[in-house]
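Asker: Sequence and predicted model, in that order:
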Amino acid sequence: MNELPQILEALMVISFGISWPMSIIKSIRARSAKGKSLPFMLMIEFGYVCGIAGKLAGQNITYVFIFYVLNFLMVGTDILLYFRNRRLDRAAEQENE
């Protein structure tokens, strides 16, 4: 069987996933939701849900599947941090009033 499509898919998902740990670290350090886009992150999350569902529906679960799941979890973490940081932004605004 030709492994090239699976390798290319893995490289695509891994390359997308490389940015999420950096985004999570930035969210933790910044303690602010400014500059983050919730709709963007939700669309990315939806894309990973579709990728995971596609793998499950096609019964095509290979090592690439784990990268979809890892990316889904990382984006989910960044979404949770967005809500934490938005709460911190609101608290800071109330202090400055």
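Answerer: Cool, the structure landed. As the structure is a prediction and not an experimental result, all values here were calculated from the model.

Asker: Sketch out the low-pLDDT regions of the protein for me.
Answerer: 1 (pLDDT under 70).

Asker: so the most centrally placed residue in it is in which element?
Answerer: For the chain, V75 is the residue whose C-alpha lies nearest the centre (Cα atoms, centre = their mean; 2.0 Å). Element membership of V75 [criterion: DSSP states H and E] is helix 64-95.

Asker: what about the spatially closest residue to the residue nearest to the centre of the chain that is not a sequence neighbour, which SS state?
Answerer: Excluding the flanking residues, the one nearest V75 by Cβ to Cβ, 6 or more residues apart in numbering is E45, at 4.8 Å. C-betas here are computed from N, CA, C, even on glycine. Put simply, E45 is helix when judged by DSSP: H, G, I helix; E, B strand; the rest coil.

Asker: Contacts only, for E45.
Answerer: Taking Cβ atoms under 8 Å, 6 or more residues apart in numbering, we find E45 in contact with 72, 75-76, 79.

Asker: of these, closest to Y63?
Answerer: For the contacts of E45, the minimum distance to Y63 (Cβ to Cβ) is 15.7 Å, reached by F72.

Asker: who touches the closest residue to the closest one other than its chain neighbours in this structure?
Answerer: The shortest distance from F72 to any non-neighbouring residue, by Cβ to Cβ, 6+ apart, is to Y48 (4.1 Å). Contacts for Y48 (Cβ under 8 Å, 6+ apart) come out as 68, 71-72, 75.

Asker: returning to what we had before: where does the residue nearest to the centre of the chain sit relative to A30, distance-wise?
Answerer: Distance from V75 to A30, counting by Cβ to Cβ, to the nearest Å: 17 Å.
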